[in-house]
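Asks: after the sequence you'll find the predicted model.
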Amino acid sequence: MRRIFHGFMFVFLDFNLNLGASSIDLIPDFIGYIMIVQGLDELAEYSPRFVRIRPYAAGMAIYSVIGYVFAVLGLSVGLGPVIHMILTLAETIVSLKICFEILMGIMDMEDFSRQNLNTHSLLYVWKWLAVTTIASGVFAYLTPGLVLLSLLTVMIALVVMIAWLVSFSKTANLYEENMTRIRIKFKENQERPAAT
């Protein structure tokens, strides 16, 4: 689960280098998505949600590599603001879906193991993450004249992203502390015959 946490750090924390009209991520998202895929592989036995969301994370890794190459070559400038907005919104929605499915998979783990993995707090923060991330993107494109409003929504979204990372770190720590018990409970549930 620690790999997923580090992957989220790469995905959510953006530090950009502006070269003329193009902007290049100093911490590329594709590295984060590759780490998330590796983390999902490690947790795949615990919930089918981890398996189902893996292709989305792998797809985002490929998409991010293409976007990174476009930015480095300066080709992303030619896409135009409307296409850029649509791609950014789609990327945001898929990223939120990945976060949500991972959260639901962790809830499955919490349910069968009866070990606290901080999922209620994580779900609460995810709801705020969804609202603020989408709102900041919409305000950035639809209200370019209202710089202060756009800046405010971006700052709120950044605070919520950090809260997500802190909350997910707590979940990862709880998982590591209780990993042995979670594995034992999982094996007990696998060996228990199904009710007829």
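Replies: Looks like it came in fine.
Asks: now stretch 158-174, how far from the centre of its chain.
Replies: Distance of stretch 158-174 from the chain centroid (CA atoms, centre = their mean, to the nearest Å) equals 11 Å.
Asks: same thing with stretch 149-169?
Replies: Once both centres are worked out by CA atoms, centre = their mean, stretch 149-169 turns out to sit 13 Å from its chain's centre.
Asks: may I see the buried residues of it?
Replies: Residues of stretch 149-169 classed as buried: 150, 153-154, 156-158, 160-161, 163-165, 167-169 (neighbour count, 16 or more other CB atoms under 10 Å). The way it works is simple: take the backbone N, C-alpha and C, and place the C-beta from them, glycine included.
Asks: now do the helix or strand that contains residue 86: which elements does it pack against?
Replies: Residue 86 is located in helix 81-113, with elements delineated by DSSP states H and E. Helix 81-113 sits against helix 2-12, helix 29-43, helix 48-73, helix 119-142, helix 147-191, with contacts defined as 3 or more CB pairs under 8 Å, 6 or more residues apart in numbering; DSSP states H and E.
Asks: what is the mean pLDDT for that helix?
Replies: The average pLDDT for helix 81-113 rounds to 89.
Asks: please identify the buried residues of it?
Replies: Of the residues in helix 81-113, those buried by neighbour count under the rule 16+ other CB under 10 Å are 85, 91-92, 95, 98-110, 112-113.
Asks: what do you get for stretch 46-56?
Replies: Burial within stretch 46-56, assessed by neighbour count using 16+ other CB under 10 Å, is assigned to 46, 47, 49, 50, 53, 54, 56.
Asks: distance of the fourth one from residue 34?
Replies: Read that as residue 50. Applying CB to CB, to the nearest Å, one obtains 16 Å for the distance of residue 50 from residue 34.
Asks: repeat that for the first one.
Replies: When distance is defined by CB to CB, residue 46 is 21 Å away from residue 34.
Asks: and for the last one?
Replies: Distance of residue 56 to residue 34, computed by CB to CB: 13 Å.
Asks: now do residue 44, the pLDDT please.
Replies: As summarised for this prediction, residue 44 has a pLDDT of 91.
Asks: hmm, I was thinking of residue 78
Replies: Turning to residue 78, the model gives it a pLDDT of 63.
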